[in-house]
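Trainee: Test case, fold it:
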Amino acid sequence: MGFFSMICCVKDLERKKQGEHNSKVRIFTLKELELATNNFNNGNKLGGGEFSSVYWGQLSNGSQIAVRRWEAGRNRSNTTDREFALEIEIMARAHHENLLSLRGFCAQGQERLIVYDYMINHSLESHLFPGRQQQSATCHLDWTRRMSIAIGAAEAIALFYSISYLHNHATAHIIHRDIKANNVLLDVNFKARVADFRSAKFLPDGATHVVTGLKGSVGYVAPEYAMQGKASKCCDVYSFGILLLELVSGKRTADCMIEIWAVRLACERKFDEIADRGLNGNYVEEEMKRVVLVGVACASIEPEKRPTMIEVVEMLKGDKAKLLVLENLICSLWFQNRFDFEKQSFDSS
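Mentor: Model prediction:
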């Protein structure tokens, strides 16, 4: 679907939804967003990447927003328009309390802007791995909040897998391709909001994977995707497993082979050594064990051994039968393939 066709579809969607479910999706004018962000002042800048920046803003009614602004003019590529249109389509269709909400967008002249709800507690990453000036931030992530974040994010990912999209005249589903701690935002109550669908890819119905260029972040990319370019739902499950292990341990995957470290300790029943020291022992042992086992299973090097996101949700919520099978399988695989795991860990060091 072409860019302008996509925008027309979104406009139609907006019109249909007005008065229906009290939809908040709307089309903003450039002037509104310039006023809200103080003309995209650097002081309002929340972050950004190579091709876009995110700004804090406040609308005339007092509500706070986050605005992603893509590069305008000659520097903007066709990729920008594709990312912009794809993210609008995905977010306009996907509604869940643990998905970041789309407030609206602006496609005026050369400007491409998407407006989201502003998340006052920023990203999960900012609390798990605070900078030197934020050393007290981890105290906000007590165990109750971490467990809520794990289950909420899992439910959101499972939901957007269930949504069908029309792509190239055929039904397809989406894969995120960049699930990581920085793309899980936290609202005022520390409720998780999965965000950033710029790297999302359509997966045709019936297809197990698509071969595509590499997207994602160091430490979160599944082995089969990194080596063979095969992107699938299993790749997202792998990334989510790494995220769970970071959430429970407070360790960065980029700093260690977190899945190898965690599976060894889990099979030795040393779950207390995995727990983030910032928790000071204040966690529910059974729940912590549950998160570790699910995280290790999701981060299996064998895609076919990974659970589905629906199974992940069930196990995080305490499905004892599935967890028992999972624990036995993980330890069996560890002892069968211990040499290969340890060699992989040694080679990466």
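Trainee: F202 - that's part of a helix, no?
Mentor: No - counting by DSSP: H, G, I helix; E, B strand; the rest coil, F202 falls outside a helix, being strand.
Trainee: Surely it touches I174?
Mentor: Yes - in this structure, F202 is within contact of I174 by CB atoms under 8 Å, at 6.0 Å. For every residue, glycine as well, the C-beta is placed using N, CA and C.
Trainee: Report the set of residues contacting both of the two.
Mentor: Residues touching both F202 and I174 (CB atoms under 8 Å, 6 or more residues apart in numbering) are Y165.
Trainee: who's more crowded, those two?
Mentor: Between F202 and I174, counted using other CB atoms under 10 Å, I174 has the larger neighbour count: 23 against 19.
Trainee: Name the helix or strand for the more buried one, please.
Mentor: strand 170-175 (DSSP states H and E).
Trainee: what do you get for L324?
Mentor: Residue-wise, L324 maps onto helix 320-336 under DSSP H and E.
Trainee: for the strand holding I174, packing partners?
Mentor: Other elements packing on strand 170-175 under the criterion 3 or more CB pairs under 8 Å, 6 or more residues apart in numbering; DSSP states H and E are helix 143-161, strand 165-167, strand 201-204, helix 233-249.
Trainee: possible to save these as JSON lines with distance to K180 and mean pLDDT?
Mentor: Formatted as JSON lines, these follow (distance: least, CB to CB, whole Å; pLDDT from 0 to 100):
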{"stretch": "helix 143-161", "distance to K180": "11", "mean pLDDT": "95"}
{"stretch": "strand 165-167", "distance to K180": "23", "mean pLDDT": "70"}
{"stretch": "strand 201-204", "distance to K180": "16", "mean pLDDT": "82"}
{"stretch": "helix 233-249", "distance to K180": "6", "mean pLDDT": "96"}
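Trainee: Find the one among those with the highest mean neighbour count.
Mentor: helix 233-249 (a mean of 26; mean count of other CB atoms under 10 Å).
Trainee: what angle separates that one from strand 170-175?
Mentor: For helix 233-249 against strand 170-175, the angle by axes from the mean of the first three to the mean of the last three CA atoms, to 10 degrees is 20 degrees.
Trainee: helix or strand right after helix 233-249?
Mentor: Assignment by DSSP H and E places the next element after helix 233-249 at helix 258-267.
Trainee: list the helices and strands that following helix packs on?
Mentor: By 3+ CB pairs under 8 Å, 6+ apart, helix 258-267 packs against helix 233-249, helix 285-298, helix 320-336, helix 338-348.
Trainee: How far does that helix sit from its chain's centre?
Mentor: 23 Å (CA atoms, centre = their mean, to the nearest Å).
Trainee: what angle sits between that helix and helix 285-298?
Mentor: Using the same axes, to 10 degrees: helix 258-267 against helix 285-298 is 130 degrees.
Trainee: got the angle for helix 258-267 vs helix 320-336?
Mentor: Using the same axes, to 10 degrees, helix 258-267 lies at 110 degrees relative to helix 320-336.
Trainee: could you give the mean pLDDT of helix 258-267?
Mentor: Regarding helix 258-267, the rounded mean pLDDT is 91.
Trainee: what's the burial count for S332?
Mentor: When neighbours are defined as other CB under 10 Å, S332 has 11 of them.
Trainee: Report all helices and strands that the following helix or strand past the strand holding I174 contacts.
Mentor: Per DSSP H and E, the first helix or strand lying C-terminal to strand 170-175 is strand 184-186. Contacts defined by 3+ CB pairs under 8 Å, 6+ apart place strand 184-186 against helix 124-128, helix 143-161, strand 192-194.
Trainee: what's the closest of those to V296?
Mentor: Minimum separation from V296 across the helices and strands packed on strand 184-186 (CB to CB) falls at helix 143-161, 13.7 Å.
Trainee: contacting residues around E273?
Mentor: Remark: with contacts taken as CB under 8 Å, 6+ apart, E273 is in contact with L265.
Trainee: Then M309?
Mentor: 154, 157-158, 161, 233, 236-237, 240.
Trainee: Which two of those have the greatest separation?
Mentor: A154 and K233 (13.1 Å).
Trainee: on that earlier part again, which of the helices and strands packed on helix 258-267 sits closest to L265?
Mentor: That would be helix 285-298 among the helices and strands packed on helix 258-267, by CB to CB, at 8.2 Å.
Trainee: So for that closest one, mean pLDDT?
Mentor: If you average the pLDDT values across helix 285-298, you get 95.
Trainee: Downstream of it, the next helix or strand is which one?
Mentor: From helix 285-298, the next helix or strand downstream (DSSP H and E) is helix 309-316.
Trainee: who does the helix or strand where V54 lies touch, helix- and strand-wise?
Mentor: Secondary structure from DSSP H and E places V54 in strand 52-58. With contacts taken as 3+ CB pairs under 8 Å, 6+ apart, strand 52-58 sits against helix 30-36, strand 45-48, strand 64-70.
Trainee: Please identify the deepest-packed of those.
Mentor: strand 64-70 (a mean of 21).
Trainee: so it versus strand 52-58, what angle?
Mentor: In terms of direction (the same axes, to 10 degrees), strand 64-70 departs from strand 52-58 by 150 degrees.
Trainee: coming back round to it: turn the helices and strands packed on strand 170-175 into TSV, columns for distance to A222.
Mentor: As requested, those are arranged in TSV below (distance: least, CB to CB, whole Å):
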stretch	distance to A222
helix 143-161	14
strand 165-167	22
strand 201-204	13
helix 233-249	4
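Trainee: now for the ones you listed, which one comes closest to Y116?
Mentor: Ranked by CB to CB, the member of the helices and strands packed on strand 170-175 that lies closest to Y116 is helix 143-161, at 14.5 Å.
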